[in-house]
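Enquirer: this one's structure only:
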Ligand code: NAD
């Protein structure tokens, strides 16, 4: 058996990237200690995370700044504040979410009682993306701990200093035998995914999402896939164009467009196209100057530069400097719809603007493509809102604003189809990391004979 394994296994380096089996075994033994079941333990972990965020905010922000060139205020708004809000919300409502829920028994099943119990899934793996490196690891961690799990966190290697700070600091603030951080890249995730987890929560690209789902399927492990894709913005002819341009420009410049729910491209009705594009260019320039950030690394910089070749549209902007990784906000009007710019997720500060003849035309275009993570609509008309809501499918919808749907504590956050599977945030996160177990309890008396073959009088009714 050993010989077969050696001959078919992929080549591995002499020193294993991570002792995956050992880490999972020790987490499982922490889980089996039963202490994670108590709400007191769970609250203590969340309070520890809150302390980490307040006492070490400077260290965390400095690491993100080194990794992504993002200012401390950007990290506060995009990473720290949302995780803090999640902790507060969870501490407030945890007891209610965790309570057994009574279920009515039909008369035919009485006497008895039925209810559901939320039990932790057990040992969970959280794999994060680099673009909001604290948010995308700590926010799932809040929900996983609140639900009573032990957690292995694998941050992205593209934000290595943040990953290291998490690895150094988390054990000081939460139960170190229940939360383990594994740093490293694909080789570490691959090694971890060979082990059996009770849930895998992945944030990243669809390409890697497929690999994660395939590996998890070997163990029949459920997965949450928080993926990306192209999130469109429909600008209807009746939209407030000033506000639309300002908000779209702001959302596109947050983290230089490196956000999973960033507007990817705009579909604008032809009657307002010139007025909209004129405003958009002005607002993008303002937004870019107000908070310039940089592209994460040369690979992504080159990928973005390549998207500006061969799209067949008109480009405004495009100034960039590979040395500093600064890439100016760029608009491409009327690109070829089959070009990579319009088929691949942009994940950067380039905004294609496509002209459509009507909102229905925009809806058709959205429906001819993979289901987006977010869909945005600017309109002042309720019927238009209903038309778009009723005839498209997306993870979330923002009407007259962008990104903020992510920050509403009780709204589930997740994709659909190609943009993901499952969701989290607030009670939805608690549910993701829990199994709701059905329980039926019956008294032993009565125990009538017609409940057993030949079923007495019931049999004669057939
Ligand atoms: P990625 O898929 O390249 O990497 C994500 C994680 O997977 C990293 O931790 C990485 O180490 C790991 N990984 C890489 N290769 C792997 C492999 N072969 N096997 C197992 N794990 C592997 O994604 P990224 O570049 O970090 O992030 C960008 C993507 O993530 C975009 O598509 C974006 O839309 C998406 N995203 C989604 C959300 C969301 O909440 N839905 C949030 C942020 C980013």
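Expert: Everything's here; your move. Note that this is a predicted model, so its numbers are computed, not measured.
Enquirer: and residue 224, what is it in contact with?
Expert: 199-202, 414, 420-424, 432 (CB atoms under 8 Å, 6 or more residues apart in numbering). Heads up, the C-betas are built off the backbone N, CA and C, glycines and all.
Enquirer: Nearest to the ligand among the residues you listed?
Expert: Checking the contacts of residue 224 against the ligand with CB to the nearest ligand atom, the nearest one is residue 420 at 5.7 Å.
Enquirer: and the closest one, what does it touch?
Expert: With CB under 8 Å, 6+ apart as the criterion, the residues that contact residue 420 are 209, 224-227, 373, 395, 414.
Enquirer: And for residue 196?
Expert: Listed by CB under 8 Å, 6+ apart, the contact partners of residue 196 are 24, 219, 221.
Enquirer: and the contacts of residue 420, which of them are in helices?
Expert: With DSSP state H as the criterion, helices contain residue 209 from among the contacts of residue 420.
Enquirer: From the contacts of residue 420, pick the one nearest the ligand.
Expert: Scanning these for proximity to the ligand, where the rule is CB to the nearest ligand atom, the winner is residue 226, at 3.4 Å.
Enquirer: Tell me how far the residue lying closest to residue 86 once chain neighbours are set aside lies from residue 149.
Expert: Setting aside the residues directly before and after it, residue 86 is nearest to residue 142 in space (CB to CB, 6 or more residues apart in numbering), at 4.9 Å. Between residue 142 and residue 149 the computed distance is 11 Å (CB to CB, to the nearest Å).
Enquirer: Please apply the same query to residue 248.
Expert: For residue 248, the distance to residue 149 equals 38 Å [CB to CB].
Enquirer: State the pLDDT value of the residue of the chain found nearest the ligand.
Expert: Using CB to the nearest ligand atom, residue 228 is the residue of the chain that sits closest to the ligand, at 1.8 Å. The predicted local confidence for residue 228 comes out at a pLDDT of 95.
Enquirer: got it, and residue 116?
Expert: Model confidence at residue 116 (pLDDT) stands at 98.
Enquirer: Centre-most residue in the chain?
Expert: If you average the C-alpha coordinates of the chain and look for the closest C-alpha using CA atoms, centre = their mean, you land on residue 226, 3.8 Å from that point.
Enquirer: residues touching that residue, list them.
Expert: Each residue near residue 226 by CB under 8 Å, 6+ apart is listed here: 136, 201-204, 260, 413-415, 420, 422, 424.
Enquirer: contacting residues around residue 328?
Expert: For residue 328, the set of contacting residues under the criterion of CB under 8 Å, 6+ apart consists of 288, 317-320, 349.
Enquirer: Counting only strands, which of those make the cut?
Expert: When the contacts of residue 328 are checked against strands using DSSP state E, the ones located there are residue 320.
Enquirer: What is the lowest-pLDDT residue among the contacts of residue 328?
Expert: Ranking the contacts of residue 328 by pLDDT, residue 318 lands last with 86.
Enquirer: for the nearest residue to that residue once chain neighbours are set aside, phi and psi?
Expert: With CB to CB, 6+ apart as the criterion, residue 318 has its nearest non-adjacent residue at 4.7 Å, and that residue is residue 330. Residue 330 has phi and psi values of phi -130, psi 130 when expressed as degrees, to the nearest 10.
Enquirer: now residue 235
Expert: Main-chain torsions, residue 235, degrees, to the nearest 10: phi -110, psi 110.
Enquirer: What parts of the stretch 1-150 of the chain come near the ligand?
Expert: Counting by CB under 6 Å from any ligand atom, the residues of the stretch 1-150 of the chain lying close to the ligand are 127-131, 136.
Enquirer: For these, pick the one with the most neighbours.
Expert: For those, the largest neighbour count, defined by other CB atoms under 10 Å, is 28 neighbours, found at residue 128.
Enquirer: need the contact list for residue 353.
Expert: Listed by CB under 8 Å, 6+ apart, the contact partners of residue 353 are 265-266, 268, 273, 276-277, 280, 331-334.
Enquirer: Hmm, I typed the wrong one, I wanted residue 233.
Expert: 248, 263, 265-267, 376-378, 402.
Enquirer: what about 7 Å?
Expert: Residue 233 makes contacts with 248, 263, 266, 376, as judged by CB atoms under 7 Å, 6 or more residues apart in numbering.
Enquirer: any idea whether it is helix, strand or coil?
Expert: Using DSSP: H, G, I helix; E, B strand; the rest coil, the three-state assignment for residue 233 comes out as strand.
Enquirer: The closest residue in space to it that isn't next to it in sequence: what secondary structure?
Expert: Distances taken as CB to CB, 6+ apart put residue 376 closest to residue 233, at 4.1 Å, once the chain neighbours are dropped. Using three-state DSSP, the three-state assignment for residue 376 comes out as strand.
Enquirer: Could you verify my assumption that residue 376 touches residue 396?
Expert: No. No contact is recorded between residue 376 and residue 396 when judged using CB atoms under 7 Å, the distance being 9.3 Å.
Enquirer: what about these two, which has more around it?
Expert: Remark: of residue 376 and residue 396, residue 376 carries more neighbours, 30 against 22, as counted by other CB under 10 Å.
Enquirer: Could you identify which of the contacts of residue 328 has the most neighbours?
Expert: Of all the contacts of residue 328, the most densely surrounded is residue 349 (29 neighbours; neighbours counted as other CB under 10 Å).
Enquirer: I'd like the distance from it to residue 258, if you could.
Expert: 8 Å.
Enquirer: just checking: which of the contacts of residue 233 also lie near the ligand?
Expert: Counting by CB under 6 Å from any ligand atom, the subset of those that neighbours the ligand is empty.
Enquirer: now, which of those residues lie within strands?
Expert: Among the contacts of residue 233, the members falling in strands are 266, 376 (criterion: DSSP E).
Enquirer: Mind picking the two most distant members of the contacts of residue 233?
Expert: Greatest spatial distance among the contacts of residue 233 (CB to CB): 266 and 376, at 8.8 Å.
Enquirer: Quick one: name whatever helix or strand follows the helix or strand bottoming out on mean pLDDT in the chain.
Expert: For the chain, using mean pLDDT, DSSP states H and E, the weakest element among its helices and strands is helix 2-8, scoring a mean of 37. Beyond helix 2-8 on the C-terminal side, the first helix or strand identified by DSSP states H and E is helix 20-32.
Enquirer: buried set for that next one?
Expert: Of the residues in helix 20-32, those with enough neighbours to count as buried (16 or more other CB atoms under 10 Å) are 20, 23-24, 27-28, 30-31.
Enquirer: I'm done for today, thanks for sticking with me.
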